Structures are given as C-alpha cells and as structure tokens.
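Build me a model:
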Amino acid sequence: RSPRASRGRRVCPCFVVEAVVRTPRTPSSMGAGASVPDEMDEDTFMKLAAERFASLKNEDGKVKKSALTLPSGAGCDNIILLSDSYKVSHWKQYPPNTTLVYSYFESRGGKYDEVCFFGLQYLLKKYLTGVVVTKEKIDQAEKLYEAHFMGQQFYREGWEYILNEKGGVLPVKICAVPEGTVVAAKTPLMTVENTDPKCFWLTNFLETLLVQVWAPMTVATHSREQKKVIQAYLEKTADDGAMAGLGFKLHDFGFRGVSSVETAGINGAGHLVNFLGTDTVAAMNVAIEYYGAPCGPNPTPDQFPPFLCPGYSIPASEHSTITSW
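Okay, here's the model as predicted:
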C-alpha cells in the first residue's frame with residue numbers, strides 16, 4: 001500500500017508492503033493465486049443470501065438454534081478475528097508462488113518532524129505471543145466469516161497449518177526500534193515478515209492489529225512535545241531547581257475521556273514515557289504488566305522516592321466532596 005499524503009496535523013502512520021518475493025514451489029492447496037470470484041450483481045447477491053438463509057432453517061421453517069450461536073472461542077482475543085474483513089480473502093489474491101511478504105510501518109509525518117515510538121510490546125505480549133491459534137478459535141472464525149461473507153472465503157487450511165505444523169504459534173518475525181526511541185518521520189519503525197513460505201498471507205493479515213500502535217505513539221509524541229515547551233518556559237521563568245519537578249508538570253486525567261479501559265491503559269502508558277504524574281490507573285497496570293515497570297518500596301531506602309511506581313498522584317478533592325458540606 002502506497003503512503004498517502006498526510007492529512008491534518010496529526011501523526012499519520014502507514015503500513016507498507018515493501019516487497020513481495022516470489023520463488024518457485026510446487027502448487028498445492030496452500031498456494032496463493034487461486035481464482036478470485038467476480039463481483040456479484042444485486043440479483044446474484046440476493047439469491048445467494050436467500051439460499052444461505054434457507055439452509056439455516058429446520059423442516060418446520062424455524063431457524064436452527066445452532067445457526068444463531070458461534071462455537072466457543074476467545075472472542076476479542078481470537079487472533080483470527082482481529083483483522084479487517086477484506087483481509088480474510090487475501091490469501092488467494094497474491095500472485096502464484098508467493099513465499100514471502102515483507103512489510104514496514106512508518107509515520108508519514110504531520111505536525112511534528114519526529115515521533116516517539118511506543119506501544120508495540122503491549123500488542124505483542126497480549127495478542128501475538130505463544131500459542132494463539134486453536135481448533136476452537138478456527139471453528140469460531142469459520143462460522144462467523146461464512147455468515148459474514150454469505151459463503152466460504154475463510155482460509156481454514158492455512159490456519160490449520162499453523163495449528164498443526166507450528167503448534168498454534170504464529171510464524172512471523174517482527175523487528176522494531178526500541179520503544180521510547182525518537183525517530184524522524186518517514187523512517188521505518190517496525191518490519192514484519194513471515195518465517196514460513198506457506199504463511200506469506202499472514203504478514204499483512206496482522207496489519208490491522210499492529211498499526212494500533214499509532215494511538216499510544218501519538219500520545220507519546222504529543223506528550224514529549226508538550227514537555228519540551230514546558231521545559232523551555234521553566235528555563236526562562238522559574239527559579240533554580242524547578243527543573244527537578246518537570247516530570248510532574250503535565251498530569252494525565254484521560255481515563256474518563258477515552259473509548260475503553262484498554263485505550264486508557266495503553267495511551268496512558270504512552271504519556272508515562274515522558275511524565276510521572278497520572279490519575280489513569282489503567283496506564284500503570286499496562287506499564288507494570290507489559291513493560292516490567294517497578295511497583296513497591298524503593299530497594300534503596302535512603303533515596304527519593306520511598307516507593308517506586310510508573311506514575312504518581314496525590315489525595316485530592318472533587319465537587320461532590322466539597323459541595324456536600
């Protein structure tokens with residue numbers, strides 16, 4: 001996918017297929033390049049939908065109970081369901097004899113000329129590490145996608161290959177700059193490639209999930225730029241020693257202002273790359289669980305602070321505690 005022009009003033013990420021390497025191999029059911037169905041006209045689509053719906057009914061005309069539920073699986077933790085719908089059929093759209101897809105992720109630029117990379121380790125540990133493909137998850141995905149596409153587009157054989165030949169571990173290699181690194185825009189931040197030639201289709205299937213680093217990366221980048229502004233004015237206007245408190249000059253109250261607990265956690269952790277003040281408890285949870293941040297008494301008692309934590313706060317009031325008087 002070619003980079004598009006930067007829109008607005010935000011940090012604009014881009015996931016690029018840099019190269020598709022093709023080498024000869026014996027065609028098989030695992031091969032790419034199978035025929036892609038022609039686009040359906042409206043009449044064909046409606047006929048297919050009617051036939052599909054009819055197949056879900058019992059003899060008495062009622063919809064089968066089994067058709068209304070999905071097999072047990074991990075839901076939002078099912079890696080096979082954590083992608084855009086259109087990617088499900090891409091396994092048969094690559095050229096014949098494709099064996100390697102190598103992609104990279106970059107910031108296209110925007111308001112700033114450099115970005116602070118952060119958030120990948122959370123995604124790797126939570127969604128991609130260890131055994132993530134099981135028969136139950138394959139069954140769940142197949143049933144959902146069959147209904148979703150009103151036909152068979154799901155690559156069950158490919159996922160079963162990962163289950164049976166790889167033990168359910170994803171055959172991909174991901175390389176990245178160290179998290180917290182400040183990198184110039186338009187510089188690759190991570191690369192992704194398949195390590196098994198039969199799983200070339202997997203590289204960009206994972207794009208949807210991996211590019212979610214744009215959110216914590218954007219927070220970390222904005223937070224750093226704000227820290228630079230605060231530092232500049234402290235140097236101009238504050239007394240000597242004020243710089244020691246720079247890490248507490250921008251406090252995060254973002255928990256209530258985002259879409260989910262997960263968003264609060266990973267984006268709030270992006271803020272903690274630059275500052276120590278936060279009321280977003282979920283951010284500290286992410287920093288501790290996924291980044292190994294310390295939490296507990298300082299092992300060196302005579303040093304400040306007495307307790308180590310990824311973020312700090314203080315007791316404070318709110319309207320309800322004051323107006324109740």
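
now the strands for the stretch 101-250 of the chain?
Here the stretch 101-250 of the chain has its strands, by DSSP state E, counting those that start in this stretch, at 114-116, 172-176, 182-184, 188-194.

So which bits of the third one are buried?
It stands for strand 182-184. V183 (16 or more other Cβ atoms under 10 Å). Backbone N, C-alpha and C define where each C-beta goes, glycine included.

Determine which stretch of the strands of the stretch 101-250 of the chain is the most buried.
strand 114-116 (a mean of 23; mean count of other Cβ atoms under 10 Å).

Does anything pack onto that strand? Which helices or strands?
strand 182-184, helix 214-237 (3 or more Cβ pairs under 8 Å, 6 or more residues apart in numbering; DSSP states H and E).

Quick one: mean pLDDT over the last one.
Going back to what we said before, that points to helix 214-237. For helix 214-237, mean pLDDT rounds to 96.

got the angle between that helix and strand 188-194?
160 degrees (axes from the mean of the first three to the mean of the last three Cα atoms, to 10 degrees).

Just the CA atoms of the next helix or strand after helix 214-237, as CSV, please.
For helix 214-237, the following helix or strand on the C-terminal side (DSSP states H and E) is helix 261-272. Output of helix 261-272 as CSV, limited to C-alpha atoms (Å, rounded to 0.1, in the frame of the first residue of the first chain):
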residue,chain,number,x,y,z
VAL,A,261,-10.3,0.7,29.5
GLU,A,262,-7.7,-0.7,27.1
THR,A,263,-7.4,2.6,25.4
ALA,A,264,-6.9,4.3,28.7
GLY,A,265,-4.2,1.8,29.6
ILE,A,266,-2.1,1.8,26.5
ASN,A,267,-2.5,5.5,25.7
GLY,A,268,-1.9,6.5,29.3
ALA,A,269,1.3,4.4,29.3
GLY,A,270,2.4,6.5,26.3
HIS,A,271,2.1,9.6,28.5
LEU,A,272,4.2,7.9,31.2
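
Need the contact partners of helix 261-272.
Helix 261-272 is contacted from outside by 116, 118-119, 122, 215-220, 223, 250, 252, 254-255, 258, 278, 280, 282-287, 290-291, 293, 310-311, using Cβ atoms under 8 Å, 6 or more residues apart in numbering.

Do me a favour and average the pLDDT over that helix.
Here the average pLDDT along helix 261-272 is 97.

Any buried residues in that helix, and which?
Neighbour-count burial for helix 261-272 [16+ other Cβ under 10 Å]: T263, A264, G265, I266, N267, G268, A269, G270, H271, L272.

again, but for stretch 303-317
So, applying 16+ other Cβ under 10 Å, buried residues of stretch 303-317: C309, P310, G311, Y312, S313.

Report the two of those separated the most.
P310 and S313 (11.5 Å; Cβ to Cβ).

and the nearest residue to H148 once chain neighbours are set aside, how far is that from A50?
Leaving out its chain neighbours, the residue that sits closest to H148 by Cβ to Cβ, 6 or more residues apart in numbering is S85, at 6.4 Å. S85 sits 22 Å away from A50, going by Cβ to Cβ, to the nearest Å.

One more: T278?
The gap separating T278 from A50 is 55 Å, by Cβ to Cβ.

Looking at these two, which one has more neighbours?
Ranked by neighbour count (other Cβ atoms under 10 Å), T278 and A50 place T278 first, with 26 against 11.

How about the more buried one, nearest residue that isn't a chain neighbour?
The shortest distance from T278 to any non-neighbouring residue, by Cβ to Cβ, 6+ apart, is to G311 (3.7 Å).

Looks like the one you found contacts N274 (just checking).
No: between G311 and N274 there is no contact under Cβ atoms under 8 Å: 11.3 Å.
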